[in-house]
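Q: For reference, the sequence and a predicted model appear below.
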Amino acid sequence: MTARVHHPGSVRQLRDRLTAVPLRVRLVAVVVLLLAAALAASGLIVNVLLRTYLLARTDDELRIYSSIAQGLQYDQAPDSQLLIQPNFAVLLVRPDGSGPKPVANAVTEPDARPDLPTLTSSDPRVRSRTPFTVESTDGFGPHWRVIAGSADDGRSVYEVAVSLRAMDATLDRVITDAALIGLGVLTASGLIGWVAVRRSFGPLSRIEDTAAAIAAGDLTRRMPERPTAAEVASLTRSLNAMLSQIEQSFAVREASQERMREFVADASHELRTPLATVRGYAELYRQGAVRRPEDVHSAFGRIEAEAGRMGSLVEDLLVLARLDEKRKLARDDVDLAVIAGDAQQDARALAPDRQVRLVGIGGPLGPVVVVGDEPQLRQVVTNLVANALNHTPAGTPVELAVGHTEAGRAVIEVRDHGPGIDPVLARKVFERFYRTDPSRSRSQGGSGLGLAIVAAIVEAHGGSVRVEQTPGGGATFVLELPQGAHRAVQAGTDEDSL
């Protein structure tokens, strides 16, 4: 015998074809198949139970006429009750060899008569009087239910048979009606199931349409939230939350890319001017246009100055690049009052004509200790003071104020009393390469990165920086940092004073 070989490729193709069938069709098909199986099983059970019930009734009827047949005698006429019963046949058999004697036969079709066996009184079916089933004489007619027993005081055996044609017809009618009803139920269930599945999948279809629109580039689309099934509503909320995060991520990425493009363009523009200056003076010197010693000295002075500007710009760019990498900061105790005092001394040395004061906020000046990177925090204060000196007229006083906010955060304020900053432009001053005065030449102004570096360092320390109007005129840069060890320092100072 040859074993049947299953090819994995054929199984895979069948699985792929089934997978390609829409989920709606598969769901309806599964429901209809399950319902068909349930109807078939219930129909089979009903048929078995009904057949058992009808056979039991037939057997009861046979037992009634069996009690009459017990009184039959082989040589006498049969009881009239046995002669008038339709679809009945009664046979008497004598063991003395007289042969079977038909006592009653109400069967109108000769070929449909029961094929009754010749039984003896010792046959188990006779002694137990248990009904049994036989076929018709032609083999194609109805089945017959037969009961046998002893008659004529044990000298004869009777056999009473009743046709099962009516019972078979009833069962066939029940099966036919059940099949037709089941077919109607399956058809109606399939249609109702299809409509119900389509309605249930309506939200998923809308989700599919929305997903297609999002895939086409419309990140503002959202799944419509409607009163639907809990599972679909939960899926809709989850997808909308995910889409919001995706939109925000794309917006952040696009903004980052735009800032990067602007940054590269501005950096290229910033470097182009000093490079052009250096190249121009170098070509003048090479061509011999600069011959006098004082001209040569002036040209090389300009080259040196522009090279210094390029070096300063590159250094600032490197600082911003390192800050953008989110490198781990040093975690040291830093006294902002000390940093502000050093910045005051540096400012007095750079601008002797300026009045630079150091004051406390809300009281006398005292230690204000935070945890952070001291060199970076020094650069922040230095940049803010340099910004105040460079963007205010000569002689304009500058103040450094150090203290705490009511919320317990450490704060440094750099106040000037110059022309101030337009409130509309106040939020842009921390952007890279931004200048409040676009008409100022780049050789006169800074690189435009000083305040951007300030904002990046403060953000890395978990703080914030903003610009406000100074009462009476001017600009005040407010730097706030989260509280560090300054509370412990203050507590220690208070205990020492006690």
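A: Noted; the coordinates are in hand.

Q: Can you pull the domain assignment for this protein?
A: The chain resolves into domains spanning 70-164, 230-321, 328-497 when parsed by automatic domain parsing.

Q: Please tabulate these in CSV, including the columns mean pLDDT and distance to Ile214.
A: Every C-beta, even on glycine, is put in place using the N, C-alpha and C of the backbone. Listed next are the domains of the chain as CSV, based on pLDDT from 0 to 100; distance: least, CB to CB, whole Å:
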stretch, mean pLDDT, distance to Ile214
domain 70-164, 70, 70
domain 230-321, 78, 7
domain 328-497, 80, 31
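
Q: right, and those domains - which one's nearest Pro22?
A: Across these, Pro22 has its closest neighbour in domain 230-321 (17.8 Å, CB to CB).

Q: Any idea how many residues pack against Pro203?
A: Applying other CB atoms under 10 Å, we find 20 residues neighbouring Pro203.

Q: Repeat that for the one 3 residues further on.
A: The burial metric for Arg206, expressed as a neighbour count using other CB under 10 Å, is 16.

Q: my read: it touches Glu225, true?
A: No - shown here, Arg206 and Glu225 do not form a contact pair, counting by CB atoms under 8 Å, at 10.4 Å.

Q: quick revisit: can I get the domains of the chain in JSON lines with distance to Ala40 and mean neighbour count?
A: Formatted as JSON lines, those follow (distance: least, CB to CB, whole Å; neighbours: other CB atoms under 10 Å):
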{"stretch": "domain 70-164", "distance to Ala40": "24", "mean neighbour count": "17"}
{"stretch": "domain 230-321", "distance to Ala40": "32", "mean neighbour count": "13"}
{"stretch": "domain 328-497", "distance to Ala40": "72", "mean neighbour count": "17"}
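
Q: need those in JSON lines with distance to Thr176, can you?
A: Output for these, formatted as JSON lines (distance: least, CB to CB, whole Å):
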{"stretch": "domain 70-164", "distance to Thr176": "17"}
{"stretch": "domain 230-321", "distance to Thr176": "42"}
{"stretch": "domain 328-497", "distance to Thr176": "84"}
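
Q: how about the closest residue to Gly474 other than its chain neighbours, what does it touch?
A: Of all residues not flanking Gly474 in the chain, His417 sits nearest, at 4.1 Å (CB to CB, 6 or more residues apart in numbering). Contact analysis of His417 by CB atoms under 8 Å, 6 or more residues apart in numbering lists Thr392, Thr396, Pro397, Thr470, Gly472, Gly473, Gly474.

Q: hmm, which two among those residues are most spread apart?
A: Largest separation among these by CB to CB: Thr392 and Gly472, giving 13.4 Å.

Q: circling back: which phi and psi does the residue nearest to Gly474 have?
A: In terms of degrees, to the nearest 10, the main-chain angles of His417 are phi -120, psi 40.

Q: measure it to Ile181 for me?
A: Distance, His417 to Ile181, by CB to CB, to the nearest Å: 98 Å.

Q: what ranges do the helices span in the stretch 301-450 of the chain?
A: Secondary structure of the stretch 301-450 of the chain by DSSP state H, counting those that start in this stretch: the helices cover 336-350, 374-390, 450-460.

Q: which outside residues touch the first one?
A: Right, helix 336-350. So helix 336-350 is contacted by 354, 356-358, 365-370, 374, 377-378, 381-382, 385, 389, 398, 400, 402, 410, 412, 481 (CB under 8 Å, 6+ apart).

Q: angle of it against helix 374-390?
A: For helix 336-350 against helix 374-390, the angle by axes from the mean of the first three to the mean of the last three CA atoms, to 10 degrees is 40 degrees.

Q: Over to the last one?
A: Per the same axes, to 10 degrees, the angle that helix 450-460 makes with helix 374-390 is 150 degrees.

Q: Show me the contact partners of helix 450-460.
A: 316, 319-320, 323-324, 326, 329, 373, 376-377, 379-380, 383-384, 386-387, 429-434, 464-465, 477, 479, 481.

Q: Okay, and which of those residues map to strands?
A: Using DSSP state E, the members of those that fall in strands are Ser464, Val465, Phe477, Leu479, Leu481.

Q: could you dump these to a markdown table with distance to Asp333?
A: Shown next, in a markdown table, are the ones in strands among the contacts of helix 450-460 (distance: CB to CB, whole Å):
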| residue | distance to Asp333 |
| --- | --- |
| Ser464 | 21 |
| Val465 | 21 |
| Phe477 | 24 |
| Leu479 | 18 |
| Leu481 | 13 |
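
Q: Would you point out the most distant pair within the residues you listed?
A: Greatest spatial distance among those (CB to CB): Phe477 and Leu481, at 13.5 Å.

Q: Output stretch 177-194 as CSV - backbone C-alpha positions only.
A: Written as CSV, here are the backbone C-alpha positions of stretch 177-194 (Å, rounded to 0.1, in the frame of the first residue of the first chain):
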residue,chain,number,x,y,z
ASP,A,177,-39.0,19.6,6.9
ALA,A,178,-36.0,20.0,9.2
ALA,A,179,-33.6,20.2,6.2
LEU,A,180,-35.7,22.9,4.6
ILE,A,181,-36.1,24.8,7.8
GLY,A,182,-32.4,24.4,8.5
LEU,A,183,-31.5,25.7,5.0
GLY,A,184,-33.8,28.7,5.6
VAL,A,185,-32.2,29.3,9.0
LEU,A,186,-28.7,29.0,7.5
THR,A,187,-29.6,31.4,4.7
ALA,A,188,-31.2,34.0,7.1
SER,A,189,-28.4,33.6,9.6
GLY,A,190,-25.8,34.1,6.9
LEU,A,191,-27.5,37.3,5.7
ILE,A,192,-28.0,38.6,9.2
GLY,A,193,-24.4,37.6,10.1
TRP,A,194,-23.0,39.3,7.1
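
Q: Report the buried residues of it.
A: Ala178, Gly182, Leu186, Ser189, Gly190, Gly193, Trp194 (16 or more other CB atoms under 10 Å).
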